[in-house]
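K.L.:
fold the following and give me the result.
(one chain, ligands or ions: 1)
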Amino acid sequence: MGHAVRYGTTVIRYSVSISDRKTLAIEVHPDLSVRVVAPRGSTQKDIRERILRRAKWIRKHQRYFEEFLPRTPKREYVSGESHHYLGRRYVLRVRKSDKPSVRLRGSELIVLVGKPNDAASVKLLLAGWYYKHAQTRFEQSVKDSLSKFKNYQLERPLLIIRRMSRRWGSCTPSGKIILNPEIIKAPGKCIDYVVTHELCHLIHPNHGRAFHELQDKVMPGWEKWKQKLERTLS
Ligand SMILES: [Zn+2]
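P.N.:
Here you go, the predicted model:
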């Protein structure tokens, strides 16, 4: 069931589930949802108070996850629409052709497709084109970014491209880096930022002080690229 509590100028919404555990736990998920797991017998008032006491911590986590939320509006895949590639804006041109293809020409992104009025087939063709370019560009970014980690004996990580609804990048404890193909729409430096951020995590899993020191060292001014990434993909 959904609940909400006001904290400063924001409203924190949360769901509650009751369990046999003895203590109350608050979870913040990457989709910004807040879930409270409360022991049996907890009152709504108890829970509200706990949420308020942890509000600063909850907002901090939500803000972190917020930065990874893709905010690109829904596309219709029709001529005239704006689409981004490596930080540049292109105007989509959809044309009928027996030989499907995608290419850039000047400021246009031209899609030749058998059924130009079928948004799904334009989308599919375009997604394949983005994916192919993402593979090449992301591998390059991993190679380039890795050169800044010479003192850390970091092996070249396995790169996985996976569409994630809530994050730009992620990594696994076994040392794989997962990148959202969407970031191919942002400038190259923004891609380097996401890759560098994940490479730092292979050394320091959490966002502690050591992590931030390393990130500042290997990519001074990373904040600028992070902001640009959010702006481009919003
Ligand atoms: Zn991180």
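K.L.:
tell me the spacing between the closest residue to Gly175 other than its chain neighbours and Lys123.
P.N.:
Among residues not flanking Gly175 along the chain, Pro157 sits closest, at 5.2 Å (Cβ to Cβ, 6 or more residues apart in numbering). C-beta: built from backbone N, CA, C; applies to glycine. Counting by Cβ to Cβ, to the nearest Å, the gap from Pro157 to Lys123 is 30 Å.
K.L.:
more neighbours: those two, which one.
P.N.:
Using other Cβ atoms under 10 Å as the criterion, Pro157 and Lys123 rank with Pro157 on top: 19 against 14.
K.L.:
per-domain residue ranges of the protein.
P.N.:
Domain assignment of the chain by automatic domain parsing yields the ranges 2-66, 82-232.
K.L.:
would you turn the ones you listed into CSV with distance to Arg75 and mean pLDDT?
P.N.:
Output for the domains of the chain, formatted as CSV (distance: least, Cβ to Cβ, whole Å; pLDDT from 0 to 100):
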stretch, distance to Arg75, mean pLDDT
domain 2-66, 21, 89
domain 82-232, 7, 93
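K.L.:
reformat those as a markdown table; add distance to Glu76.
P.N.:
Formatted as a markdown table, the domains of the chain follow (distance: least, Cβ to Cβ, whole Å):
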| stretch | distance to Glu76 |
| --- | --- |
| domain 2-66 | 25 |
| domain 82-232 | 6 |
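K.L.:
what's the most buried one of those?
P.N.:
For the domains of the chain, the largest average neighbour count (mean count of other Cβ atoms under 10 Å) is found in domain 82-232, namely a mean of 16.
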